[in-house]
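# Sequence below, structure please.
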Amino acid sequence: MLDLFTIFSKSGIVLWYFQGTSDLFTNTVNELIKNVILQERAVQSVWNNNSLSLQYRLDNEFELVFVVAYQNILKLTYIDKFLTEIQLRFRDKYKQAIQNCQFANDFGDFKQDFDEILESCEREAEQLAQVQRKPRKYEESEKSSKTVASMIETKTTFIGNLIQSATGVEKKSEEVENLSANLSDNFEDKKIVSPGPRQMRRFEPKSKKNPASPQAKAKGKEPKKWVESIDMNSLDYSEQNKSSEDLVNSQYASKKDIGTLAGSLKPIEVDYDDQEDLIEEKKNKSKPVSKQNGAKQSGLFGSLKNMIGGKVMTKETIEPIMEKMHDHLVAKNVAAEISRKICENVAQNLEGKHFSSFQFATSIIKQALHESMVQILTPKRRVDILRDVFETQKQKRPYVIVFCGVNGVGKSTNLAKITFWLIENNFKILIAACDTFRSGAVEQLKTHMRHLNALHPPENHAGNTMVELFEQGYGKDPAAIAHDAISYAKDMNRDVVLVDTAGRMQDNEPLMKALAKLINVNNPDLVLFVGEALVGNEAVDQVTKFNQALIDNSPVKTTNPDLVRTIDGIVLTKFDTIDDKVGAAISMTYTTGQPIVFVGTGQTYADLKSLNAESVVKSLLK
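Prediction:
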């Protein structure tokens with residue numbers, strides 16, 4: 001039933017393997033190593049790749065990896081136990097050779113042990129399944145002990161059951177009958193008769209009518225008094241009547257912001273004091289370790305004083321700190337599922353490791369958590385938009401970015417910020433108004449366009465208008481508008497096209513299909529998901545469903561899965577409102593495996609930063 005089982009070292013040397021079919025599994029195992037093991041994506045119970053399901057087990061003490069693969073239509077419940085027993089048997093049998101790194105030895109005689117363990121696990125799983133499927137006999141049920149007479153409930157038995165449930169004391173049948181008779185007599189004697197309608201009238205209060213005061217005036221709508229002397233132009237508050245000075249110095253930006261975003265964006269800095277860790281570490285070293293104070297806790301990880309020098313890290317050493325770390329990450333807005341996986345992954349990587357020198361368990365685990373989360377936030381590929389725009393200029397075509405996300409996260413506002421940054425780097429921008437659903441979306445982009453052109457007028461850029469808006473009104477097909485906008489930008493030598501799309505909830509299937517159509521038809525260079533830094537668990541649901549919708553509605557899903565377009569990067573907005581609760585960055589990056597390209601930190605065009613992974617992780621661990 002197993003297609004593949006293999007044992008290899010972390011250096012990549014295959015020690016032993018079993019293959020149940022003639023298929024080649026090299027690419028599948030390489031994908032597992034690349035996307036799960038090396039990236040520390042999670043301790044996943046099952047990792048699926050096409051029609052195969054793979055599970056693995058790490059042995060940190062001997063630096064070994066055990067991998068099993070089987071068809072995902074099979075529900076094999078014994079794999080965890082099988083991997084555990086195989087790991088222990090292989091370690092015990094070849095312990096000397098593994099410790100001496102004698103990987104050239106012949107491990108072929110392990111086949112007998114493998115067959116024995118596999119047969120035992122399959123047999124136990126089958127027996128357990130039969131026990132679970134076996135129906136219960138009628139004689140074993142409670143219904144078989146009941147008679148027809150016991151199911152009939154009289155007044156006496158009903159009152160007796162009430163007394164027993166209320167007092168916990170079982171009364172005799174004679175006492176119950178007497179009590180029920182007394183209750184019936186008392187109820188008849190004290191029967192309350194509701195009053196009739198004539199009796200009710202006596203209690204109705206008589207209304208006192210006060211005669212209307214002769215001074216009271218009759219109420220009515222007063223006519224509007226029009227004052228002809230008011231200048232009607234003073235009542236026009238539209239942006240068109242604002243002067244160029246008002247457009248430059250506004251809520252969006254001011255003259256002092258011009259020139260601040262030239263070049264690469266500055267990384268965001270989260271407030272964090274490194275001296276706190278040094279002071280805490282000195283306190284831990286100065287205090288003696290004793291049984292009395294060893295269990296007291298303070299700070300993030302607590303003051304666990306159990307020294308692990310000369311010991312092997314065990315679950316008992318790591319588990320209490322991981323539980324507290326999990327709660328801490330959830331409080332910092334990391335999704336609960338992601339937080340649990342990160343802690344399990346760190347615990348698995350530390351379990352079985354031996355430390356010769358005396359060190360505190362908390363400092364070791366904290367360092368491991370720090371490295372794991374920095375690796376998550378560090379992108380697998382670098383998104384360098386400025387470099388990519390220069391490349392597309394050589395190809396004589398515009399660089400296209402599509403913005404998508406749920407309602408109200410700030411897509412249009414952050415699109416304007418990115419436009420300002422690109423103008424600061426002397427690129428000509430075309431904004432495509434593809435939000436044809438929300439009322440006022442086009443007008444909002446027009447407002448941003450006027451402010452941006454006022455900040456960077458044509459006379460400062462050799463007579464070139466730096467921002468143009470391409471719009472075709474409301475109710476049109478967004479994919480067609482984006483296609484026409486890209487063609488227009490190519491004809492007019494625009495450097496970048498920024499496509500604004502309608503906000504949509506991840507469960508809205510028609511709008512998700514429309515978004516997938518827009519991306520598949522126009523094939524943009526970059527698809528950015530705009531998400532709030534305020535959300536926790538919701539971030540995982542949003543990003544996952546947006547990605548899945550793009551996959552499900554892709555025309556090349558079955559013919560060429562490698563060409564399916566999904567989210568390429570993330571724009572994290574409202575970062576200035578969360579203090580040190582920066583967990584949404586971890587949740588979104590972990591879920592998509594894609595980098596956070598931009599971070600919005602305020603209301604003005606200059607409030608745009610890049611992500612600093614080290615700073616964010618330090619804030620999470622604070």
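
# Buried residues in stretch 383-401, which are they?
Within stretch 383-401, the residues scored as buried using 16 or more other C-beta atoms under 10 Å are 383, 385, 389, 398, 399, 400, 401. For glycine as for every other residue, the C-beta is placed from the backbone atoms N, C-alpha and C.

# So which of those sit within strands?
Counted as lying in strands by DSSP state E, out of the buried residues of stretch 383-401, are 399, 400, 401.

# still on that earlier bit, want to try CSV for the buried residues of stretch 383-401, with distance to residue 254 and pLDDT as columns?
Below are these laid out as CSV (distance: C-beta to C-beta, whole Å; pLDDT from 0 to 100):
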residue, distance to residue 254, pLDDT
383, 29, 84
385, 25, 92
389, 27, 94
398, 30, 95
399, 28, 95
400, 30, 96
401, 26, 95
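
# between the ones in strands among the buried residues of stretch 383-401, which is nearest residue 250?
Residue 250 lies nearest to residue 401 out of those, by C-beta to C-beta, at 24.8 Å.

# how far away is residue 606 from residue 253?
6 Å (C-beta to C-beta, to the nearest Å).

# Looking at those two, which one has more neighbours?
residue 253 (24 against 21; other C-beta atoms under 10 Å).

# pLDDT score assigned to the residue nearest to the more buried one when sequence neighbours are not counted?
Nearest residue to residue 253, sequence neighbours excluded (C-beta to C-beta, 6 or more residues apart in numbering): residue 605, at 4.4 Å. According to the predicted model, the pLDDT of residue 605 comes to 91.

# so where is the stretch 351-500 of the chain shaky, pLDDT-wise?
Flagging of the stretch 351-500 of the chain using pLDDT under 70 yields the residue ranges 354-362.

# can you pull out the strands in it?
354-355, 399-405, 429-434, 467-470, 496-501 (DSSP state E, counting those that start in this stretch).

# Make CSV out of those strands and add distance to residue 522.
Converted to CSV, these look like this (distance: least, C-beta to C-beta, whole Å):
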stretch, distance to residue 522
strand 354-355, 55
strand 399-405, 7
strand 429-434, 9
strand 467-470, 13
strand 496-501, 8
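
# Tell me which of these lies nearest to residue 451.
strand 467-470 (9.3 Å).

# helices or strands up against the closest one?
Packing partners of strand 467-470 (3 or more C-beta pairs under 8 Å, 6 or more residues apart in numbering; DSSP states H and E): strand 429-434, helix 441-455, helix 478-491.

# So residue 24 versus residue 52, what's the distance?
According to C-beta to C-beta, residue 24 and residue 52 sit 12 Å apart.

# rewinding a little: for the strands of the stretch 351-500 of the chain, which one sits closest to residue 478?
strand 429-434 (4.0 Å).

# Give me the local confidence score for residue 148.
Residue 148 carries a pLDDT value of 64.

# circling back: ok, the ones in strands among the buried residues of stretch 383-401 vs residue 85, which is closest?
For these, the nearest to residue 85 is residue 401 (52.1 Å; C-beta to C-beta).

# surely that closest one meets residue 495?
No. With contacts counted by C-beta atoms under 8 Å, residue 401 stays clear of residue 495, the gap being 11.5 Å.

# which secondary structure element contains the residue positioned nearest the centre of the chain?
Taking C-alpha atoms, centre = their mean as the criterion, residue 540 is the residue nearest the geometric centre of the chain, at 2.2 Å. Assigned by DSSP states H and E, residue 540 belongs to helix 537-552.

# Could you export the next helix or strand along the chain from that helix as PDB, CA atoms only?
Toward the C-terminal end, the helix or strand that comes next after helix 537-552 (DSSP H and E) is strand 569-573. C-alpha atoms of strand 569-573 as PDB (Å, rounded to 0.1, in the frame of the first residue of the first chain):
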ATOM      1  CA  GLY A 569       3.000  39.700  -2.900                       C
ATOM      2  CA  ILE A 570       1.200  41.500  -0.100                       C
ATOM      3  CA  VAL A 571       0.500  45.100   0.800                       C
ATOM      4  CA  LEU A 572       0.000  45.400   4.600                       C
ATOM      5  CA  THR A 573      -2.000  48.500   5.400                       C
END
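
# and strand 569-573, what's its mean pLDDT?
On average, strand 569-573 scores 90.

# and residue 448, what does it touch?
By C-beta atoms under 8 Å, 6 or more residues apart in numbering, the residues touching residue 448 are 252, 412, 415, 416, 419, 431.

# nope, residue 265 is what I was after
Applying C-beta under 8 Å, 6+ apart to residue 265 gives the contacts 421, 598, 608, 609, 610.

# what's the answer for residue 603, then?
251, 252, 413.

# Strands - which of the contacts of residue 265 land there?
598, 608, 609.

# Which among these count as buried?
For the ones in strands among the contacts of residue 265, buried by 16+ other C-beta under 10 Å: 598, 608, 609.

# quick one, strands of the stretch 1-150 of the chain?
4-9, 14-19, 47-49, 52-59, 64-71.

# Which of those sits closest to residue 506?
strand 47-49 (21.6 Å).

# Quick one: low-confidence residue ranges for this structure.
Those would be 39-45, 132-134, 136, 138, 147-220, 225-249, 270-311, 354-362, 536, if you go by pLDDT under 70 across the chain.

# Which members of the buried residues of stretch 383-401 are the farthest-apart pair?
383 and 398 (17.3 Å).

# could the ones in strands among the contacts of residue 265 go into TSV alongside distance to residue 46?
Below are the ones in strands among the contacts of residue 265 laid out as TSV (distance: C-beta to C-beta, whole Å):
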residue	distance to residue 46
598	35
608	40
609	38
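
# Nearest to residue 520, out of those: which one, please.
Of these, the one sitting nearest to residue 520 (C-beta to C-beta) turns out to be residue 598, at 24.1 Å.

# so who does the residue nearest to the centre of the chain touch?
Counted by C-beta under 8 Å, 6+ apart, residue 540 has contacts 335, 337, 338, 587, 588, 591.

# For stretch 477-489, could you pull out the residues that count as buried?
478, 479, 481, 482, 485, 486, 488, 489.

# quick one: contacts of that stretch?
398, 400, 402, 430, 432-436, 470-472, 494, 497, 499, 501-502, 514, 517-518, 521-522.

# if I pick residue 498, what's in contact with it?
401, 403, 415, 418, 419, 429, 430, 431, 432 are the contacts of residue 498 under C-beta under 8 Å, 6+ apart.

# pretty sure the last one contacts residue 501?
In this case it means residue 432. No. Look at residue 432 against residue 501 with C-beta under 8 Å: they stay out of range, at 9.2 Å.

# Just give me the neighbour total for residue 57.
For residue 57, the number of neighbouring residues by other C-beta under 10 Å comes to 19.

# Quick check, it in contact with residue 82.
No. Using C-beta under 8 Å, residue 57 is not in contact with residue 82; the gap is 9.6 Å.

# where do the helices sit along the stretch 251-400 of the chain?
274-286, 315-331, 336-350, 361-377, 385-394 (DSSP state H, counting those that start in this stretch).
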